[in-house]
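**Student:** attaching a predicted model along with its sequence, questions to come.
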Amino acid sequence: MIRAVLFDLDGTLLPMNEDEFKKVYFGAVYQKVKHFGYKPEDLVNAIWFGTKAMVKNDGTMPNEERFWQAFSTIYPDSRQRDEKEFNDFYNNDFPKLAFACALPIQPLAAPFIKELKNRGYEVIIASNPIFPIVATKARMVWAGLNPDDFKDITAYENSSFAKPNLKYYEMILERNNLKPEEVIMIGNDVREDMVVNKLGIDSYLITDCLLNLDNEDINKYKHGTFKEIMDLVLARL
C-alpha cells in the first residue's frame, strides 16, 4: 500500500531552465561577495568543488559541513566570514531570484499536492540536498507551494548523502519510517530520480523539463507531461 509520494523539486514541481538559473544564481552570489576580492570564475569553481564534494558525501558529516570543508580548501582562513555572507545571501537575496527559473509556474503543482494530502498521503520533497533549507523552501514558494504541507524536505543541513546515491533515498525512507513498496518517486532527472527503481521504489518521470544526461531510453520508465503523470498517479491512488 502506498503511503507517501516523493517529489523532486527543480524541473519537476518547479519548471526551470537550468542553464539560465545557474547563470543568474552564480551572478547573484558573486555580487554578494565580490567586495571580498573574489574573481568570478574562481568563485564559481570553488562552489562547484564544494557541490561535487556533497554529491560524493559518504554519510560521515552533513552536506553543509562537507561543502564548507571543500570550499575552505580553495579559500582557507575565511570560512567564518564566507559562511556568514552566504547565509545572508540565502536568507535575503536568494528568495528574490524566482525570475531565474525563466519558465512559467506549473499551475497544477499546488492542486496535485493538495489532492494527495486530501487523500491522506504523505508528501515529501526529495530535492537534491545541495542547498540550505531556506533556499529550498524559497524555491517551493516560487512553485506556488506551502512548505508546511510537506512531511520532510531534504536540504544540506539535514542530509549526509546526495543524488544519485541510493543511500540518499534510504535515508529518506528510514527517517520517515517508510518501506520502498510504500513510496512513489516523481522526478524529471533520469539519472538522479529514476535510480530509485533499484531500491524497489516505483517511479514516474516528468518530461516537461526532462534531464537525461546519459541519453537513456525513457520508454522503460512511466513517463509523460506533468498533467499526464498527475492523472496517472491519482488514478492509481
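**Tutor:** The structure has been received and is ready for your questions.
**Student:** quick one: list the elements packing against the helix or strand in which residue 170 is found.
**Tutor:** Element membership of residue 170 [criterion: DSSP states H and E] is helix 166-175. Here helix 166-175 touches no other helix or strand, going by 3 or more C-beta pairs under 8 Å, 6 or more residues apart in numbering; DSSP states H and E. Bear in mind the C-beta positions are built from the backbone N, C-alpha and C, glycine included.
**Student:** pull up the pairing partners for the helix or strand following that helix, direction included.
**Tutor:** Going down the chain from helix 166-175, the next helix or strand is strand 183-187, by DSSP H and E. Here strand 183-187 has these sheet partners by DSSP bridges: strand 4-7 (parallel), strand 202-206 (parallel).
**Student:** averaged pLDDT, strand 183-187. What do you get?
**Tutor:** For strand 183-187, mean pLDDT rounds to 98.
**Student:** buried residues in the helix or strand that that strand is followed by, which are they?
**Tutor:** Using DSSP H and E, the next helix or strand after strand 183-187 towards the C-terminus is helix 190-193. Of the residues in helix 190-193, those scored as buried under the neighbour-count criterion (16 or more other C-beta atoms under 10 Å) are 190, 192-193.
**Student:** ok, now stretch 88-108?
**Tutor:** Going by 16+ other C-beta under 10 Å, stretch 88-108 has these buried residues: 89-90, 94, 97, 100-101, 105-106, 108.
**Student:** got it, and stretch 230-237?
**Tutor:** Burial within stretch 230-237, assessed by neighbour count using 16+ other C-beta under 10 Å, is assigned to 230, 233.
**Student:** out of the helices and strands in the protein, which is least certain?
**Tutor:** Of all the helices and strands that make up the chain, helix 79-88 has the lowest average by mean pLDDT, DSSP states H and E, namely a mean of 92.
**Student:** give me the contact list for it.
**Tutor:** With C-beta atoms under 8 Å, 6 or more residues apart in numbering as the test, helix 79-88 has contacts from 29, 32-33, 36, 68, 71-72, 75, 132.
**Student:** make CSV out of these and add pLDDT.
**Tutor:** Supplementary listing: those in CSV, determined by pLDDT from 0 to 100:
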residue, pLDDT
29, 97
32, 96
33, 94
36, 92
68, 96
71, 95
72, 93
75, 91
132, 98
